[in-house]
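>>> Quick one: sequence plus predicted model below, questions after.
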Amino acid sequence: MYYLRFLRNKNQNPFSTLSFVTSNKYHVSSITQSKFNNDNVIELNKLITSYVRSGDLNIALNVFEKMTVKTTVTWNSILSGFARNQGTFEQARQLFEKIPQPNSVSYNIMLACYLHNFGIHKAHEFFNHMPLKDIASWNTMISGYAQIGEMRVARELFMAMPEKNSVSWSAMVSGYVECGDLDSAVECFYVAPVKSVITWTAMITGYMKFGRVESAERLFKEMSLKNLVTWNAVISGYVENGRAEDGIKLFKTMLESGTKPNALTLTSVLLGCSNLSALQLGKQVHQLVCKSPLSSDTTAGTSLISMYSKCGDLMDAWKLFIQIPRKDIVTWNAMISGYAQHGAGEKALSLFDEMKIQGMKPDWITFVAVLLACNHAGLVNLGVQYFDIMVKDFGIQARPEHYACMVDLLGRSGRLSQAVDLIKSMPFKPHPAIYGTLLGACRIHRNLHLAEFAAKNLLDLDPTSATGYVQLANVYAAQNRWESVARIRRSMKDNNVVKAPGYSWIEINSVVHEFRSSDRLHPELASIHEKLNELEKKMKLAGYVPDLEFALHDVGEELKEQLLLWHSEKLAIAFGLLKVPFGVPIRVFKNLRVCGDCHSAIKYMSSIEGREIIVRDTTRFHHFKDGICSCSDYW
């Protein structure tokens, strides 16, 4: 606009400089003046709209300026071009003031322009002075307030508007869901006389967000028309609520219905595969990605990296990382986190340095991964340095996640008093996980005094935490203080605290087999016990001595050895040795930390059987091969 004014001041023809057109559009300067008359207004309006939508605002202006007759539609079309762009508000305002007969559409375009450039409150001032308001005007205001969480004002506008449509009701339901007021969202949803797919989907999202999965399922089944966003809401809701298997089943149903997934769908499904450690299914999803337009999508590629890393296949994760042409910060974080979780600390830190060289600025999640890498590799001093430069050099304020990493890093290395000092220096109230981490370190170093301190603080913050009771009981058990163990167990019972049972699982031919310690249910248990008994004899000949400290029951030594031999991870590994072809890694996953005796035994198993055994616990991956673990016995 400023350029056109400059040309006018110079008495030049602003259209003489136009010498190009884009594909399937004709040259504006080649249109004869007769074609800009009243008979062609409709066609020229369509032409302006086409240029505006494709982003060619200057060409649209050229057509607009040459038109001898302009309707309100003409003015609105060119006004919408300015309203689309940030920083062109003044040009839009001047153009708006020149419209001979502005209609409600004109005012709505200008209202949106105020909203995008100055926010909802300036838009409200303009809205109050609008002589023409329609449903779209009211919906713009309601949606604007709902998006920033000001539901009181949104409700006032909603109640005041003379007529409502499905967009109005959708905005209110979505707004209540986003600000955490599920009751109001439910009330609004059920009184709505007209509901669009968006309204239904917003309510399903709300139910899933608050863990009311059955209510979300019921609405989903009642819907006669579903779109991709609806399917995504339910699939991601299942995964986020710990029902990844249901999410994956629904994904298959979605494909059978003919609905094509997008990057968000695949992100949720791959997260589900990660949670289930379902590597084979994850590979099938990868094949689906490769056959779709999402093959070059950064989000989909990053989700695949995360899936492979969490399912124990770090090599394929790295291959994918190299292939992604456009890596964002989330991509780099996924690969650095993958290396960190697998204990490849030096590779993780090297990749962090490469990321900075590439000009990518790290965020707070990057530093969580970096600190985890230092933690799992035992790089204590380096971890302390990174914690300091995170604030000083990058201006990233330390969060609870960073402090938890540092407490674990210091505690695991034996610097327990330093870890306690760090907790006391935190600028916010410690999260229960902080004391849980300290308690775990106290168990490793058998520091009963600090263990009792950590457990007391943990249980003060979260009296229902099974971790506090169990870890403290384990410290007492390691010192044969069985009376104290019994006291802790009585306290758990009195407070209705239930310990999550430990279990391990392994995927064989796309079927997940689950084992609990001293399992009695698996159909092939006899063969598994036979394999374990055979292995135990060979391991003892090779020097293995059962570590009875990890048999946390007040029973005789022979029974303790039997209980240790039947730990869930050993049962799963024995089954893997029977079923997984030689040369293929055995991948076992556990919902708790791997115990010290199992860690020692699996090293012997890998050497005796000549197999690579990969075990993922709640903290990290352990790669066992030739009698050595990738963690170098530091975990």
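Cool, got the structure. Numbering: from 1, shown residues only.

>>> lowest-confidence helix or strand of the chain?
Lowest mean confidence among the helices and strands of the chain (mean pLDDT, DSSP states H and E): helix 2-9, at a mean of 32.

>>> On the C-terminal side of the biggest helix by length in the chain, identify the next helix or strand.
Ranked by residue count and defined by DSSP state H, the top helix of the chain is helix 525-541. Later in the chain than helix 525-541, the nearest helix or strand by DSSP states H and E is helix 557-565.

>>> From Arg399, how far off is Val391?
Distance, Val391 to Arg399, by Cβ to Cβ, to the nearest Å: 11 Å. Where C-beta positions appear, they are placed from N, C-alpha and C, glycine not excepted.

>>> hang on, Ile305 packs against Ser337?
No - using Cβ atoms under 8 Å, Ile305 is not in contact with Ser337; the gap is 9.3 Å.

>>> who has more neighbours, the two?
Shown here are Ile305 and Ser337; by other Cβ atoms under 10 Å, Ile305 has more neighbours (28 against 22).

>>> Could you report the separation of that one from Trp332?
The gap separating Ile305 from Trp332 is 10 Å, by Cβ to Cβ.

>>> Please apply the same query to Met605.
As judged by Cβ to Cβ, Met605 and Trp332 stand 36 Å apart.

>>> Could you do Arg415 as well?
Distance of Arg415 to Trp332, given as Cβ to Cβ: 30 Å.

>>> So for those two, which sits in the more crowded spot?
For Arg415 versus Trp332, the count of surrounding residues by other Cβ under 10 Å is larger for Trp332: 25 against 18.

>>> Skipping its backbone neighbours, what lies nearest that one in space?
Setting aside the residues directly before and after it, Trp332 is nearest to Met355 in space (Cβ to Cβ, 6 or more residues apart in numbering), at 4.7 Å.

>>> And for Ile586?
Ranked by Cβ to Cβ, 6+ apart and with sequence neighbours excluded, the top spatial neighbour of Ile586 is Gly576, at 3.8 Å.

>>> just checking, the one you found touches Ile506?
Yes - under the criterion of Cβ under 8 Å, Gly576 makes contact with Ile506 at 5.2 Å.

>>> quick one: the helices in the stretch 101-250 of the chain?
For the stretch 101-250 of the chain, the helices defined by DSSP state H, counting those that start in this stretch cover 104-118, 120-128, 135-147, 151-160, 166-178, 182-191, 197-209, 213-222, 228-240, 244-256.

>>> report the angle between the axes of the second one and helix 151-160?
It refers to helix 120-128. Relative orientation of helix 120-128 and helix 151-160, computed by axes from the mean of the first three to the mean of the last three Cα atoms, to 10 degrees: 20 degrees.

>>> what does the last one give?
Interaxial angle, helix 244-256 versus helix 151-160 (the same axes, to 10 degrees): 40 degrees.

>>> Quick one, grab the pLDDT at Asp183.
As predicted, Asp183 sits at a pLDDT of 94.

>>> Please report the number of neighbouring residues for it.
Asp183: 9 neighbours (other Cβ under 10 Å).

>>> And Pro463, by the same measure?
12.

>>> pLDDT wise, what is the residue nearest to it when sequence neighbours are not counted at?
Of all residues not flanking Pro463 in the chain, Asn495 sits nearest, at 6.2 Å (Cβ to Cβ, 6+ apart). Model confidence at Asn495, given as pLDDT, is 80.

>>> Please apply the same query to the one 4 residues further on.
Note for Lys499: predicted pLDDT of 76.

>>> Ala473 too?
Reported pLDDT for Ala473: 82.

>>> coming back round to it: tell me the buried residues in the longest helix of the chain?
Of all the residues in helix 525-541, those buried under the rule 16 or more other Cβ atoms under 10 Å are 528, 531-532, 535-536, 539.

>>> now stretch 262-278
Result for stretch 262-278 [16+ other Cβ under 10 Å]: buried residues 262-278.

>>> which other residues reach the helix or strand hosting Ser504?
Using DSSP H and E, Ser504 maps to strand 503-508. By Cβ atoms under 8 Å, 6 or more residues apart in numbering, the residues outside strand 503-508 that reach it are 277-280, 512-517, 568-569, 571-573, 575-576, 579-580, 586-591.

>>> re earlier: which one of the helices of the stretch 101-250 of the chain lies closest to Asp328?
Among these, the nearest to Asp328 by Cβ to Cβ is helix 228-240 (20.1 Å).

>>> So what touches that closest one?
So helix 228-240 is contacted by 197-198, 200-201, 204-205, 207-209, 213, 216-217, 220, 223, 244, 246-247, 250-251, 254, 259-262, 264-265, 268-269, 271-272, 275 (Cβ under 8 Å, 6+ apart).

>>> Let me see the mean pLDDT of that helix.
The pLDDT scores in helix 228-240 average 96.

>>> cool, stretch 198-205 as well?
Averaged over stretch 198-205, pLDDT sits at 95.

>>> now stretch 83-97
For stretch 83-97, mean pLDDT is 83.

>>> Kindly report the same for stretch 404-421.
Averaging pLDDT along stretch 404-421 gives 93.

>>> Pull the distance from it to the chain's centre.
Distance of stretch 404-421 from the chain centroid (Cα atoms, centre = their mean, to the nearest Å) equals 28 Å.

>>> now stretch 595-611
Stretch 595-611 sits 34 Å away from the centroid of its parent chain (Cα atoms, centre = their mean).

>>> What are the boundaries of the strands in the chain?
503-508, 511-516, 586-590, 613-616, 621-625, 628-629 (DSSP state E).

>>> For Met161, find the nearest of those strands.
Checking those against Met161 by Cβ to Cβ gives strand 511-516 as the closest, at 52.6 Å.

>>> Now do that closest one: distance to the chain's middle.
26 Å.

>>> now do stretch 169-186
The chain centre lies 22 Å from the centre of stretch 169-186; the measure is Cα atoms, centre = their mean.

>>> same thing with stretch 367-378?
Worked out by Cα atoms, centre = their mean, stretch 367-378 lies 20 Å from the chain centre.

>>> What is the neighbour count of Met426?
Counted with other Cβ under 10 Å, Met426 comes out at 15.

>>> Likewise for Lys66?
Neighbour count for Lys66, taken as other Cβ under 10 Å: 17.

>>> how far away is it from Ile48?
11 Å.

>>> go on, Ile59?
The gap separating Ile59 from Ile48 is 9 Å, by Cβ to Cβ.

>>> Give me the more crowded residue out of these two.
Taking other Cβ under 10 Å, Ile59 and Ile48 do not tie; Ile48 has more neighbours (28 against 22).

>>> Please verify my assumption that that one contacts Asn62.
No - contact criterion Cβ under 8 Å: Ile48 and Asn62 do not qualify, at 9.7 Å.

>>> Where does the prediction get shaky in the stretch 201-350 of the chain?
Within the stretch 201-350 of the chain, no range satisfies pLDDT under 70.

>>> let me redo that: the stretch 401-550 of the chain
By pLDDT under 70, the low-scoring segments of the stretch 401-550 of the chain are 549-550.

>>> Give me the neighbour count for Asp328.
13.

>>> and what of the one 10 residues further on?
By other Cβ under 10 Å, 25 other residues sit near Gly338.

>>> Leu559 versus the residue lying closest to it once chain neighbours are set aside, what's the distance?
Excluding the flanking residues, the one nearest Gly338 by Cβ to Cβ, 6+ apart is Ser309, at 3.1 Å. Per Cβ to Cβ, Ser309 is found 39 Å from Leu559.
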